[in-house]
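**Q** here's my sequence, what's the structure:
(one chain, ligands or ions: 1)
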Amino acid sequence: MRKFFGPVRMAEPRVSDAEQELFGGPLRYDMGWSHHEHAGLDLTMMSALRSMPSLVGATLRIAWLADRRALIAVAVSEVGQGVAAAVGLLAVNAVMHALLAGTGSASDRLHGLLPGLLAAAGIGVVNSALAAWSTSRAGRLEPKVERIATTQYLAAAAGVELEAIDDPDFRRLVDVAQYGPASARRMIGACVAALNGLISLVTTASVLAVLHPLLLPMLILIAAPRGWGAMRVAQERYVSVMSWIEHVRAARLIGNLLTERSAAQEIRLHAVGPFLLSRYRLMAESAETEQERLASSKALTEWVASALSGLATAATYGAMFWLILAGHMSLAVAGTAVIAVRTGSASLGALVMNVNQLHEESLYVRDHGRFLERAAHRTIPAGGDPVPERIAEIVLDRVTYRYPDRDTAALEEVSLTLPMGSVTAVVGENGSGKSTLMKILSGMLRPQSGALRFGAADVTGLDRAQVFARVSLLAQDFQRWPVTAAMNIRLGRPDRPAAVPDDLQPSVDYAGAGPVVGKLPDGLRTLLARVFRGAIELSGGEWQKLGLARTHWRSTTATADSVLIVDEPTSALDPEAEIEAFDRIRGLAAPNRAVVLVTHRMSGVRHADHIYVLTHGRLAEHGTHDALMAAGGRYAAMFTAQAAQYAPTSAPDPTPTVPGPAAPAAPDPV
Ligand SMILES: Nc1ncnc2c1ncn2[C@@H]1O[C@H](COP(=O)(O)OP(=O)(O)OP(=O)(O)O)[C@@H](O)[C@H]1O
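**A** Sure thing, here's the model as predicted:
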């Protein structure tokens, strides 16, 4: 009983075997950032009603911003409809009196009905005109509200620190908040309907209270169970969505993998397709079980609510019957009361439904609001000191950084100096912290201890937008924008206009991308996105050349001192293109530019002015190629190992670095 009437609680969904197998355990909504949400979910109807005005207020504020004239028009037409409903009821009362309490012949009484009937008809016409006006204004308002809420969401998501994007809790909030704008749009409709319901209810209730004081509490008794039922169903649905959000997302992810181009080869060749499909089916079946549970629970709740409401209706009619028999109520009043109770309970029912919809939508709008609030705390701050035109060097001073969901630091006490005009290389094994170091150098991640200095100034006090403007980054996973080839280059500095192809040609030539562009059917104007019809897809190496052209466009359009960071720029290039690319990148060092090169290709770093070797997030050694080779440390070992792979095979090496195939441990049964 308590389970049924008590507060709605977070469900613990059954862990499907597929989930266990693929993800190593249950995928659950992380309670980390949501403790108080779930406290909020133990909602009583009253607390739900209490929290609603502020959420409705937030949506109405957006509506006010979006189109205040439309909002006022909607409010006026809804109030007008409410007043029309009350006047209509009074007209009905007049008709009832003429019919049941009037004197004279039947024809006289029928004539007496006419004014009331005409008034009711006139009110009906006014009412429908007002309803149409409200519909058209609300239709204008709703898309604007959604647009503003979506823009707020996108702007907030794009403006936060990179750390927030790396933080899984924040990412989950980003996911959940995406439902907010559509809910805000629907909330406008629900607000309008609720306002309408409220006004007609107040007017009907006043008419009922005038007819007989007992009728009003009876009306409330009829509608209360429905209100409780609708609200409970909404809460259960929300809790279910939240409990299952990770599971549903994972099932969708598996579904997407089956259709995505990137996974297409392994899906076929390794027979991953049928395997994933079967796991998808298992996960979808688990979700279906939840849908079934939800539907049964909804049916039971609604049945109990209707039964209680039906009992209250029967009691109301019983009371009216008794009042008439006892002579406390005339037949005419009873006739109007029956109509008023019907209209009243219908408006109360509709109001409950609308308030309930408001409540349900408000849960998502609340997530949207919470996201905006959290995002505001994590937004890259605007303003700060200007970055001096000439900074001479960029210095990393004993910097430590640990990712939010990691126990160990990705970088520990790392120091390095990048003088303008120099080429610096950073090498190290996989996971040694090179990319993290680049994110710190570019100002995207803020050191947890230590400092990044542009010249003498600590970056913490500098205007971040100006810091970013001094950095060109060609990252390992650089973006392959689904736009034209020209735009792919221009997006290196989008605010700078460029004539196609003339302005971009030097960047294309610099990156050795001339032959790539030459092959494209429409040259630089060719669309590069397989998602669109008629678009062209490039190979990995061709994309890398275009990425290099973008970096060139960004670097060479800056005159102030800056840094160019290139992280694994040649991984997809053929050997000739790789040698050329390293030469070109080194060539970008200029009196106003420092170049940092991260790579595993040791041949590309030997000409660097200074080389830093990272291991397990720490700086193992640094110096020039010759000094490091002479030291015979980690760098020398890495360089020699790679060089050995290219060494002539005529002189047999007693300790080959590449082992031959191992003999099978046991005979293959097949
Ligand atoms: N976004 C992230 N969130 C959590 N941990 C991360 C993240 N990015 C990197 N790491 C961890 O930080 C450590 C350093 O990673 P980083 O990418 O900086 O190494 P790397 O030297 O660039 O590696 P590679 O040569 O393989 O590109 C690794 O242990 C990695 O797992």
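**Q** residues near the residue in the stretch 151-300 of the chain that the ligand sits nearest to, how many?
**A** Closest residue of the stretch 151-300 of the chain to the ligand, CB to the nearest ligand atom: residue 166 (4.0 Å). Backbone N, C-alpha and C define where each C-beta goes, glycine included. By the criterion of other CB atoms under 10 Å, residue 166 has 15 neighbours.
**Q** leaving out the residues flanking it, which one is nearest to it?
**A** Spatially, and ignoring its direct neighbours in sequence, residue 166 is nearest to residue 403 (5.9 Å; CB to CB, 6 or more residues apart in numbering).
**Q** ok, the one you found touching residue 433?
**A** No: under the criterion of CB atoms under 8 Å, residue 403 makes no contact with residue 433, lying 10.6 Å away.
**Q** between the two, which is the more surrounded one?
**A** residue 433 (23 against 14).
**Q** mind checking pLDDT for the closest residue to that one other than its chain neighbours?
**A** Spatial nearest neighbour of residue 433, chain neighbours left out: residue 617 (4.2 Å); criterion: CB to CB, 6+ apart. On pLDDT, residue 617 comes in at 93.
**Q** residue ranges for the helices of the stretch 201-350 of the chain, please.
**A** Taking DSSP state H, counting those that start in this stretch as the test, the helices found in the stretch 201-350 of the chain are 215-259, 264-269, 272-325, 331-378.
**Q** could those go into JSON lines alongside mean pLDDT?
**A** Output for the helices of the stretch 201-350 of the chain, formatted as JSON lines (pLDDT from 0 to 100):
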{"stretch": "helix 215-259", "mean pLDDT": "79"}
{"stretch": "helix 264-269", "mean pLDDT": "86"}
{"stretch": "helix 272-325", "mean pLDDT": "88"}
{"stretch": "helix 331-378", "mean pLDDT": "82"}
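**Q** ok, how many other residues are close to residue 313?
**A** Residue 313 has 18 neighbours, counted by other CB under 10 Å.
**Q** ok, the residue nearest to it when sequence neighbours are not counted - contacts?
**A** Spatial nearest neighbour of residue 313, chain neighbours left out: residue 222 (5.3 Å); criterion: CB to CB, 6+ apart. For residue 222, the contacting residues are 309, 312-313, 316, 341, 345, 348, by CB atoms under 8 Å, 6 or more residues apart in numbering.
**Q** any idea how far residue 208 is from residue 222?
**A** Separation of residue 222 from residue 208 (CB to CB, to the nearest Å): 12 Å.
**Q** residue 399 now?
**A** For residue 399 relative to residue 208 (CB to CB), the value is 73 Å.
**Q** likewise for residue 458?
**A** When residue 458 is compared with residue 208 (using CB to CB), they lie 72 Å apart.
**Q** more neighbours, these two?
**A** Neighbours were counted for residue 458 and for residue 208 using other CB under 10 Å; residue 208 has more, 23 against 13.
**Q** tell me which residues touch the nearest residue to that one once chain neighbours are set aside, please.
**A** With sequence-adjacent residues excluded and distances taken as CB to CB, 6+ apart, residue 208 is closest to residue 215, at 4.4 Å. Residues near residue 215 by CB under 8 Å, 6+ apart: 208-209, 316, 320, 337, 340-341.
**Q** how many residues are close by residue 559?
**A** Neighbour count of residue 559, defined by other CB under 10 Å: 8.
**Q** one more: residue 289?
**A** Residue 289 has 12 neighbours, counted by other CB under 10 Å.
**Q** ditto for residue 133
**A** Neighbour count for residue 133, taken as other CB under 10 Å: 17.
**Q** can you tell me how far it sits from the ligand?
**A** For residue 133, the distance to the ligand (CB to the nearest ligand atom, to the nearest Å) stands at 53 Å.
**Q** before we move on, the earlier item: the residue nearest to residue 433 and residue 409 touch, don't they?
**A** Yes: under the criterion of CB under 8 Å, residue 617 makes contact with residue 409 at 5.6 Å.
**Q** where do the contact lists of residue 222 and residue 208 overlap?
**A** Common contacts of residue 222 and residue 208 (CB under 8 Å, 6+ apart): residue 341.
**Q** relative to residue 507, which of the helices of the stretch 201-350 of the chain is closest?
**A** With CB to CB as the measure, helix 264-269 is the member of the helices of the stretch 201-350 of the chain nearest residue 507 (32.2 Å).
**Q** name the residues that touch that closest one?
**A** 257-258, 272-273, 276.
**Q** can you rerun that using 6 Å?
**A** Outside of helix 264-269, the residues that reach it under the criterion CB atoms under 6 Å, 6 or more residues apart in numbering are 272-273.
**Q** for stretch 121-139, same thing?
**A** Residues from elsewhere that reach stretch 121-139, judged by CB under 6 Å, 6+ apart: 70, 73-74, 77-78, 80-81, 84, 87-88, 192.
**Q** now, these that are in helices?
**A** When the contacts of stretch 121-139 are checked against helices (DSSP state H), the matches are 70, 73-74, 77-78, 80-81, 84, 87-88, 192.
**Q** out of those residues, which are buried?
**A** Neighbour-count burial (16 or more other CB atoms under 10 Å) applied to these gives 70, 73-74, 77-78, 80-81, 84, 87-88, 192.
**Q** if we can go back for a sec, where does the residue nearest to residue 166 sit: helix, strand or coil?
**A** Assigned with DSSP: H, G, I helix; E, B strand; the rest coil, residue 403 falls in the coil class.
**Q** same deal with residue 595?
**A** Under three-state DSSP, residue 595 falls in the strand class.
**Q** ok, now how distant is the residue of the stretch 151-300 of the chain closest to the ligand from residue 141?
**A** 38 Å.
**Q** figure out how far stretch 58-70 is from the centre of its chain.
**A** With CA atoms, centre = their mean, to the nearest Å as the basis, stretch 58-70 stands 23 Å off its chain's centre.
**Q** pull the residues that contact it.
**A** 71, 137, 140-141, 144-145, 148, 184, 187, 369.
**Q** one more: stretch 294-303?
**A** 229, 232-233, 236, 240.
**Q** now narrow the residues you listed to whatever sits close to the ligand.
**A** Checked against the ligand using CB under 6 Å from any ligand atom, the contacts of stretch 294-303 give no members in range.
**Q** turn these into TSV, including neighbour count and distance to residue 567.
**A** Formatted as TSV, the contacts of stretch 294-303 follow (neighbours: other CB atoms under 10 Å; distance: CB to CB, whole Å):
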residue	neighbour count	distance to residue 567
229	23	58
232	23	53
233	21	52
236	19	48
240	20	43
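**Q** save those as JSON lines, and put in distance to residue 50 too.
**A** Shown next, in JSON lines, are these (distance: CB to CB, whole Å):
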{"residue": "229", "distance to residue 50": "20"}
{"residue": "232", "distance to residue 50": "17"}
{"residue": "233", "distance to residue 50": "20"}
{"residue": "236", "distance to residue 50": "20"}
{"residue": "240", "distance to residue 50": "23"}
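**Q** which of the residues you listed lies closest to residue 154?
**A** Nearest to residue 154 among the contacts of stretch 294-303: residue 240, at 27.5 Å, using CB to CB.
**Q** gap between that closest one and residue 97?
**A** Residue 240 is 52 Å from residue 97, by CB to CB.
**Q** which one of the helices of the stretch 201-350 of the chain is the most hemmed in?
**A** Comparing the helices of the stretch 201-350 of the chain by mean neighbour count (mean count of other CB atoms under 10 Å), helix 331-378 ranks first with a mean of 21.
**Q** just checking, what packs against it?
**A** Here helix 331-378 touches helix 45-96, helix 106-159, helix 168-177, helix 180-211, helix 215-259, going by 3 or more CB pairs under 6 Å, 6 or more residues apart in numbering; DSSP states H and E.
**Q** got those as TSV, with distance to residue 479 columns?
**A** Below are those laid out as TSV (distance: least, CB to CB, whole Å):
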stretch	distance to residue 479
helix 45-96	31
helix 106-159	13
helix 168-177	18
helix 180-211	25
helix 215-259	19
